[in-house]
Structures are given as C-alpha cells and as structure tokens.
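S.K.: this is a predicted model, with the sequence first.
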Amino acid sequence: MASNRGVVYLSPGKVEVQSIDFPELKNPKGKKITHGVILKVVSTNICGSDQHMVRGRTTAPAGLVLGHEITGEVIEAGADVEFLKKGDLVSVPFNVACGRCRTCKEMKTGICLTVNEGRAGGAYGYVDMGGWVGGQAEYVMVPYADFNLLKFPNKDQAMEKIRDLTMLSDIFPTGFHGAVKAGVGPGTTVYVAGAGPVGLAAAASAQLLGAAVVIVGDMNKARLAHARSFGCETVDLTLDATLTEQITQILGVPEIDCAIDCVGFEASGHGTQSKTEVPAAVLNSLMEITRAGGSIGIPGLYVTEDPGAEDKAAKTGNLSIRFGLGWAKSHSFHTGQTPVMSYNRQLMQAILYDKVQIAKAVNVEIISLDQAPEGYAEFDSGVAKKFVINPHNLIPDVKPKAKVKASA
C-alpha cells in the first residue's frame, strides 16, 4: 500500500509528523463509499481552531490527525463521482456535508445532519466532528465529492495564486461570513475583535464589502502592525484607555455599525486584565460598542466543553454574558460553523480577478510538512503569520526557508 504521513496530536502542546494510513474510500465507520475522492494534498493550513485542540482546550483524543483547511489534486475518484476527474485541482470546504439532508439543502452545510452521529456538523481532523481524518497530510479522502468540492477552472492559473486560493477552505469564507452576518456593507464602520488570521481575514472581507472604516483590536503589537499594513485602524487592548474611548478617538463617536468576534472562548480581559482569561470579555465589549439595532458576527469558536478553562462555569461552555444589554439594544447575534459553500465560489472569483489579496492580508508563510510542529509552536507564540503546509513541495517559487523557531 502507498505511504502517507500526517500531523498527529499527541498531548497538550505536542504534535508530531507520523506515518498514517493511506486513505481509502470508506467512511469513519469503515463502510465503503463510492461518492468520495482521494486527494494528493497540495496545501493545507494551520488554523487557530487546530491550536485550541493542541493547547488542550478541548476533549480531542491523542492520535487525532489534524487539519481541515485542504486544497488538493484528485488522484482517485469513486464510481459515483460524475463531475470530477483525476488531475482536477480542488478546494475542500472544511465542512463535511452530504448535500442531501434538510440543512444541506438549505445550504447550511456547517450543520449537516448525517455526517456526524454526535451532533449536527462535521469537519476533517477535528474533535467531536464525526471522525473524518484530517488533511494536514500527504493524502486525504473527501466524501460526497461532487457536492463538497470546488474545482478551480484553470489549474495553471490556480497554482500561480495558490497562496490565496488555499484560504478558500476555511479562513477566508469564515472571515467573510463574520462580516456578512455583522451587516458589513458600503460605508459602514466595523470593529473586528482579534488580529489573528481569522480577524485579519474578516478585516480584509470588510474592506471587500465596502466598509468605510475597519478597526481591529488585539493585544499583540505585531499583529496590530500587520493590520495597519493593509489599511486598518487599530486598538491596543493592553492600554488603560477603554475600548469605547479608543473607538471614540478614531471615529469621533463611541459606537460602530458592525462588530465581528474573531477571538472566541479563549478571550482575555482588557487593560489591567489583559493577562487574565475572561471568556465573555469580547462578547460583552461588542455589545457595549455596537449601535442599537446592529449585528454581531461571531466566527470565533465557542465550545460546549473547555477542560482547560480557569472559570468553573466555562468548563461546560457557560459564560457570564450581559445578554440584557444586547437585548435592550436589539442586537442580532450570528453564531456557528461557517457554511463555506455559501461563499467559496464568489471569493475564488474575487481572488482570480485580483479584487482581494487575502494571502497578503493574513501574511502567509509556506512551510514543509516536517516543519509543522515548529509552525504550531511559532503560531502559538503570537506571530503575525498564517502557516501553509506544502506536503509535496508543489507550491511554486518557494524560496528555501530556515527552520522556524519554536516558542520557549
């Protein structure tokens, strides 16, 4: 049998590249399927959601093969695959979706009802998401291929723009979804909480949607500097000045039209509390600064169980939210996994026709599969980078790169 290697979660803070099974056309229960394809992975990204697991903040089991942001080339197609063929280059939405259930027919592919016995919604290489093997590997299997996969129309053109197109599997649609659900449109003022890759993708999406001002808040000065590099205003949440005061200094008024939470449950307090974990800090602050009748998009991850939480209630997903404030201001809250297929084709077109440079916005850095453990460590240290793994050295014009430094 052909060989395969992948990035495997071992224990909190530790991942390793190991030999893993070569994919077969089978579901997680071992049942043979004919609607799937096997991909040779061209690029696969390290995601902040992966980092939650690697930090030990979920119930992820040891031995989990990581990775849900996948772009690959079809090398084998099941007998029932009609619209894809060997050699096609495709983007894989991180949502595993059947295309047949009620929610899939409504294009709510983030909560497919059939691909996960535990609850609605499936994903590759992720805890409690159906057991689908992750794609931070050399090869991966994708089910329901005709429904799930986005084929790039021109393979050579796609490879020239692969640094941008690899973002279509999750991070770009997720940031865009957060912006859409927050009501971003021409002339709006937008606040993005978090300057990690998803926050930067949300900021770039807000610009694409025509926002007048995009403000990004974080405690990481390098990430804030990168946000400024493509035209964002920034807020430093380590300062004594409150978020409202800093917003007022930028806009002249203490409120914004649209808010996007790109932090999630591992949030910290502001100012003197910036080193203290406060899981509801972002949500509460967004309710304070969002205008009456405004919307809050929440692509940041919130979990049902957080074994690493400092707060007892947060261990079971219970947060101290000032919901009464949001209710009084008639806010709308939009949560959940992004339905990638609702956006990826349009965003592909925006990339191919040079309407957005998402790789530049999130500061892509290409690494090899063997560098993945160091990439995880460096990402966890707070660098302003989005690591893209290049398992087969297929990404063109990649300059030789020194080994990334692990965090102390």
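M.R.: Sure, I can see it. These numbers come from a predicted model, not from an experiment.

S.K.: pLDDT below threshold where in the stretch 251-400 of the chain?
M.R.: 397-400 (pLDDT under 70).

S.K.: all helices in it, in order from the N-terminus.
M.R.: Taking DSSP state H, counting those that start in this stretch as the criterion, the stretch 251-400 of the chain carries its helices at 281-289, 323-328, 344-352, 358-362, 372-380.

S.K.: distance check, the residue lying closest to Val37 once chain neighbours are set aside against Ile33.
M.R.: Among residues not flanking Val37 along the chain, Ala145 sits closest, at 4.3 Å (C-beta to C-beta, 6 or more residues apart in numbering). The C-beta positions use only the backbone N, C-alpha and C, and glycine is treated the same way. Distance of Ala145 to Ile33, given as C-beta to C-beta, to the nearest Å: 10 Å.

S.K.: which of those two has more neighbours?
M.R.: Ala145 (27 against 16; other C-beta atoms under 10 Å).

S.K.: phi and psi next, for the closest residue to Thr335 other than its chain neighbours.
M.R.: The shortest distance from Thr335 to any non-neighbouring residue, by C-beta to C-beta, 6+ apart, is to Ile298 (4.7 Å). Main-chain torsions, Ile298, degrees, to the nearest 10: phi -130, psi 70.

S.K.: how many other residues sit next to Ile298?
M.R.: Residues contacting Ile298 under the criterion other C-beta under 10 Å number 24.

S.K.: which residues touch it?
M.R.: Residues near Ile298 by C-beta atoms under 8 Å, 6 or more residues apart in numbering: Gly178, Lys181, Ile260, Asp261, Leu283, Phe333, His334, Thr335.

S.K.: put the buried members of these into a ChimeraX selection.
M.R.: To isolate the buried ones among those in ChimeraX, judged by 16 or more other C-beta atoms under 10 Å, type:
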select :178,181,260,261,283,333,334
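
S.K.: tabulate the contacts of Ile298 (a markdown table), appending distance to Met167.
M.R.: Below are these laid out as a markdown table (distance: C-beta to C-beta, whole Å):
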| residue | distance to Met167 |
| --- | --- |
| Gly178 | 14 |
| Lys181 | 19 |
| Ile260 | 17 |
| Asp261 | 20 |
| Leu283 | 26 |
| Phe333 | 26 |
| His334 | 21 |
| Thr335 | 22 |
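
S.K.: domains for this protein, by residue range?
M.R.: 4-169+340-389, 175-335 (the TED database).

S.K.: straight-line length of the longest one, end to end?
M.R.: Terminal residues of domain 4-169+340-389 lie 15 Å apart, using C-alpha to C-alpha, to the nearest Å.

S.K.: hmm, Ser49 is touching His68, no?
M.R.: Yes. With contact defined as C-beta atoms under 8 Å, Ser49 reaches His68; the gap is 7.4 Å.

S.K.: list residues touching both of the two?
M.R.: With C-beta under 8 Å, 6+ apart as the test, Ser49 and His68 both reach Tyr126.

S.K.: list the contacts of the nearest residue to Arg345 once chain neighbours are set aside.
M.R.: Using C-beta to C-beta, 6+ apart and skipping residues adjacent in sequence, the residue nearest Arg345 is Leu150, 6.1 Å away. Neighbour list for Leu150: Val90, Ser91, Pro93, Leu168, Met341, Asn344, Arg345, Met348 [criterion: C-beta under 8 Å, 6+ apart].

S.K.: same deal with Pro373?
M.R.: By C-beta under 8 Å, 6+ apart, the contact set of Pro373 is Val7, Lys14, Val15, Glu16, Val17, Ala406.

S.K.: buried only: go through those for me.
M.R.: Applying 16+ other C-beta under 10 Å to these flags Val7, Val15, Val17 as buried.

S.K.: show me which of those is closest to Gly194.
M.R.: For these, the residue nearest Gly194 by C-beta to C-beta is Val15; the value is 22.8 Å.

S.K.: just checking: what are the partner strands of whichever strand or helix holds that closest one?
M.R.: Assigned by DSSP states H and E, Val15 belongs to strand 14-19. Sheet pairing of strand 14-19 (DSSP bridges) gives strand 5-11 (antiparallel).

S.K.: how big is the angle separating the partner strand from helix 372-380?
M.R.: 60 degrees (axes from the mean of the first three to the mean of the last three C-alpha atoms, to 10 degrees).

S.K.: may I see the buried residues of strand 5-11?
M.R.: Using 16+ other C-beta under 10 Å as the test for burial, strand 5-11 gives Arg5, Gly6, Val7, Val8, Tyr9.

S.K.: can you redo the domains of the chain as a markdown table with distance to Pro396?
M.R.: A markdown table is the format used below for the domains of the chain (distance: least, C-beta to C-beta, whole Å):
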| stretch | distance to Pro396 |
| --- | --- |
| domain 4-169+340-389 | 6 |
| domain 175-335 | 22 |
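
S.K.: out of those, which comes closest to Ile395?
M.R.: domain 4-169+340-389 (5.6 Å).

S.K.: contacts only, for Gly122.
M.R.: Counted by C-beta under 8 Å, 6+ apart, Gly122 has contacts Asn95, Val96, Ala97, Cys112, Val115, Asn116, Met129, Gly130, Trp132.

S.K.: relative to Tyr126, how far out is the fifth one?
M.R.: This points to Val115. 12 Å.

S.K.: of the contacts of Leu150, closest to Ala79?
M.R.: For the contacts of Leu150, the nearest to Ala79 is Val90 (18.4 Å; C-beta to C-beta).

S.K.: I figured that closest one was touching Thr71, is that so?
M.R.: Yes. Contact criterion C-beta under 8 Å: Val90 and Thr71 qualify, at 7.1 Å.

S.K.: more neighbours, those two?
M.R.: Neighbours were tallied for Val90 and for Thr71 using other C-beta under 10 Å; the higher tally belongs to Thr71 (27 against 23).

S.K.: find the residue at the geometric middle of this protein.
M.R.: Ile171 (3.8 Å; C-alpha atoms, centre = their mean).

S.K.: look up how far Gly6 lies from that residue.
M.R.: Counting by C-beta to C-beta, the gap from Ile171 to Gly6 is 20 Å.
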